[in-house]
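Asker: no sequence on this one, just coordinates:
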């Protein structure tokens, strides 16, 4: 990564529809800029051991390539020494390749492929209900079952850039990512219980096949020295097929029952347009809008829900001095419910996303940046976002120590954020970074929020009222401090 840009807030129409907090843009180094061969070895506590090797090269000034392969291993962690593993053992293998070709002065091609295979074993699963109920001592300590997770993910991405005359450009990008995940769980971790040692056998409790597809094109056209207009289209599809097995159906022995199968999807088509105008050396304005066409549903149940939205967005930048940049931003966002069948953890149950509505938000923000030189940068950002039908994942039902998660909507909500960050390089090879942030989510409507959930023992969804003044599962404060020692070899 040679460049990282953080755009706070939804001020740019090119930013994705749900990006109420902003976007992070990463720029990869060109293959010809990388060392021909480099390697890294990592080690740490809990017998962490890993590393990678990368080779890069090219043919002339037009063709470049890079290949990376690596691995990482670590032992399980029992952080509180209670006899139950908190973090499972890690066994990861990964590889990545990239090919770039400047076909001509006007055309450039960029293709990448990545693969990761990760096993997490001996991890903490669900609460061991049977182990505690049938424990010899009535006040036995809580215990958990074991859970192993096996994930394989591949990603293919491609991009084409066409540089036309007069500074005009056309960028086309596409990506496909596939994930196959299998979770194996126990009925109980107690081999001496009434069900016998067979109950400690690991079963395939959950399997996920997930696919993401994304494609987008953006056309940029400068007009004179003061104007730049951009137009674009993009589309995204997420499809998740989940196979779920209720381990309590295994009580009594016999062959495992057929798993329950469900496929949820999310489709979004977007169009965006934006104009940038440099009024003077101190003032600049950008304004645009996005149009969203969203659809989500369940395949087997033939359920399809749809929503559309037009999201205007704007930025005003002012530089009172060369060292200072002040920015005011405003923008609308929209977010459709994603399939929570894509999630799995700790023996919990997950509901379909079709009962939730699309979320809509409006953000007003301010950002101030002080940068007197390349070695120092300080920034502050403050924003308020008001939501209609804010999406939240909550525990809608708890039965036999198993929590059932569902997606719900908080009719009226608000998020306030305040962030400050400093980066200082007192020496070309030393870099210090620090940041602190405050983030709070509030329910500004009725305290009791209604969500639909289908309990394991019910055949139809029921409405549950959950009291909340704050939005649950949202961090209240964040902060970080880091130091980095950089070494750059002298030029030949």
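Answerer: Here it is on my side, so go on. This one's a predicted model, so the numbers in the text were calculated from it and none came from an experiment.
Asker: Packing partners of the helix or strand hosting residue 233?
Answerer: When elements are assigned from DSSP states H and E, residue 233 belongs to strand 227-244. Using 3 or more C-beta pairs under 8 Å, 6 or more residues apart in numbering; DSSP states H and E, the elements in contact with strand 227-244 are strand 203-223, strand 260-278. Every C-beta, even on glycine, is put in place using the N, C-alpha and C of the backbone.
Asker: Output those as TSV; include the columns mean pLDDT and distance to residue 128.
Answerer: Shown next, in TSV, are those (pLDDT from 0 to 100; distance: least, C-beta to C-beta, whole Å):
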stretch	mean pLDDT	distance to residue 128
strand 203-223	93	14
strand 260-278	93	23
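Asker: how about those, which one is nearest residue 472?
Answerer: Nearest to residue 472 among the helices and strands packed on strand 227-244 is strand 260-278; the distance by C-beta to C-beta comes to 22.6 Å.
Asker: Give me the buried positions along the next helix or strand after the closest one.
Answerer: Using DSSP H and E, the next helix or strand after strand 260-278 towards the C-terminus is strand 283-298. Along strand 283-298, these residues count as buried under the neighbour rule (16 or more other C-beta atoms under 10 Å): 284, 286-292, 294-298.
Asker: on that earlier part again, so for residue 8, which of the helices and strands packed on strand 227-244 sits nearest?
Answerer: strand 260-278 (16.7 Å).
Asker: How about the closest one, which residues are buried there?
Answerer: 262-268, 270-276, 278.
Asker: Paired strands for it, with orientation please.
Answerer: strand 227-244 (antiparallel), strand 283-298 (antiparallel) (DSSP bridges).
Asker: chain center to the longest one, what's the gap?
Answerer: Yep, that's strand 227-244 we're talking about. What separates the centre of strand 227-244 from the centre of its chain is 14 Å, taken as C-alpha atoms, centre = their mean, to the nearest Å.
Asker: Run through the chain and note the low-pLDDT ranges.
Answerer: 2, 136-142, 246-256, 346-347, 400-401, 456-459, 473-492 (pLDDT under 70).
Asker: Scan it for its longest strand.
Answerer: strand 402-427 (DSSP state E).
Asker: next helix or strand past that one?
Answerer: strand 430-443.
Asker: What are the buried residues along that following strand?
Answerer: Neighbour-count burial for strand 430-443 [16+ other C-beta under 10 Å]: 431, 439, 441, 442, 443.
Asker: Same check on stretch 375-394?
Answerer: Buried residues in stretch 375-394, counting neighbours by 16+ other C-beta under 10 Å, are found at 377, 379, 381-383, 385, 387-394.
Asker: which residues does residue 267 bridge with?
Answerer: Under the criterion used (DSSP bridges), residue 267 bridges to residue 237, residue 295.
Asker: pretty sure it is touching residue 212, no?
Answerer: No: with contact defined as C-beta atoms under 8 Å, residue 267 and residue 212 do not form a contacting pair (11.5 Å).
Asker: got the helices and strands packed on strand 227-244 as TSV, with distance to residue 56 columns?
Answerer: Shown next, in TSV, are the helices and strands packed on strand 227-244 (distance: least, C-beta to C-beta, whole Å):
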stretch	distance to residue 56
strand 203-223	26
strand 260-278	35
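Asker: Could you dump the strands paired with strand 260-278 into TSV with distance to residue 97 added?
Answerer: Below are these laid out as TSV (distance: least, C-beta to C-beta, whole Å):
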stretch	distance to residue 97
strand 227-244	24
strand 283-298	33
